[in-house]
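# Here's a sequence, model it:
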Amino acid sequence: MSAQPNIVLIGCGKMGGALLQGWLDQNIDANFSVIEPHDIPITKITHHKTIEAGAEDLKSAALIVLAVKPQTMAALCTDIKNHINEDTTILSIAAGQSLTSFSEYFAPTQPVIRAMPNTPAAIGKGMSVAVANKHTSQSAKTLAETLLKTAGKFEWTDDESLLDAVTALSGSGPAYVFYLIEMLEKAGNKVGLPIEMAATLARQTVIGAAALAETQSETPAKTLRENVTSPGGTTAAALEILMNGRAQDLFNEALQAATTRSRELNS
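Modelled structure (predicted):
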């Protein structure tokens, strides 16, 4: 692999655009180009609006990042198959698209990495987990890891079956936290706070608690919770309601539904 590998990003929506911005902001030593039918806000890289226009870049790519919706993946792979080399590494960040599916889309020996980042990647606070097939070289894995680490925390797994659960927890997880903020706003308003104040308090409380959890990353969440909870106090009164089993059951059901849907997307 050359000192400056050629990397093609296909799809520059919210997630693809966030990753690309991180790569540029952190001065990743690579040549980037984008294939995206719509205009993009980043003007200092090569932008192609069609596969045909980007064919030359696809042919010379060391790594192609697929950042499109799962429902369009099969058609996209069909479109680019004849424009790529069999030793070019494919990095997919689409939910529910298995390594096996890519061996059907491309050559059976195509190097493929499947990753699941999340939207906090836009500010470098994301979480990504990836798995590679047996045809992927160590140098390609290192390059993919470098790219994904610009988005935040990163881990490899050898067990692809975990990716559906990863999607359910961290991939979809930011939406659950935003919904928590919504619920706190409404609950705060219901106990008498003006809605604007309730919204500010809810958002900043989640921001502060998350920052504390990050700062004290070695401290279990249970301990952090207990540190806020005085026996017989207001927090204990609230937790008596929240920890009666219903909330945990709801999260269990929610993550199971998301995991199941991730599997269905690959069927």
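# I'd like to know the average pLDDT value across the helix or strand where V206 lies.
Assigned by DSSP states H and E, V206 falls within helix 195-215. The pLDDT scores in helix 195-215 average 98.
# Can you verify my assumption that G124 contacts G22?
Yes - when contacts are counted by C-beta atoms under 8 Å, G124 is listed as touching G22 (6.2 Å). C-beta here means a position set from N, CA and C on the backbone, and glycine is covered the same way.
# Now do the strands in the chain.
For the chain, applying DSSP state E gives strands covering 6-10, 31-35, 46-48, 63-66, 89-92, 112-116, 126-132, 152-156.
# Including distance to H83, could those strands go into JSON lines?
Output for these, formatted as JSON lines (distance: least, C-beta to C-beta, whole Å):
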{"stretch": "strand 6-10", "distance to H83": "10"}
{"stretch": "strand 31-35", "distance to H83": "10"}
{"stretch": "strand 46-48", "distance to H83": "11"}
{"stretch": "strand 63-66", "distance to H83": "10"}
{"stretch": "strand 89-92", "distance to H83": "12"}
{"stretch": "strand 112-116", "distance to H83": "16"}
{"stretch": "strand 126-132", "distance to H83": "22"}
{"stretch": "strand 152-156", "distance to H83": "29"}
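# quick one: which of those strands is nearest Q138?
strand 126-132 (9.5 Å; C-beta to C-beta).
# Tell me which other helices or strands that closest one touches.
Judged by 3 or more C-beta pairs under 8 Å, 6 or more residues apart in numbering; DSSP states H and E, strand 126-132 is in contact with strand 112-116, helix 138-149, strand 152-156, helix 163-166.
# tell me the most buried of the ones you listed?
Stretch with highest mean neighbour count among these: strand 112-116 (a mean of 25; mean count of other C-beta atoms under 10 Å).
# quick one: average confidence on it?
For strand 112-116, mean pLDDT is 96.
# so what secondary structure elements neighbour it?
Strand 112-116 packs on strand 89-92, helix 99-105, strand 126-132, helix 138-149, helix 163-166, going by 3+ C-beta pairs under 8 Å, 6+ apart.
# and it, how far from the chain's centre?
11 Å (C-alpha atoms, centre = their mean, to the nearest Å).
# got it, and stretch 6-24?
Taking C-alpha atoms, centre = their mean, one finds stretch 6-24 lying 12 Å from the centre of the chain it belongs to.
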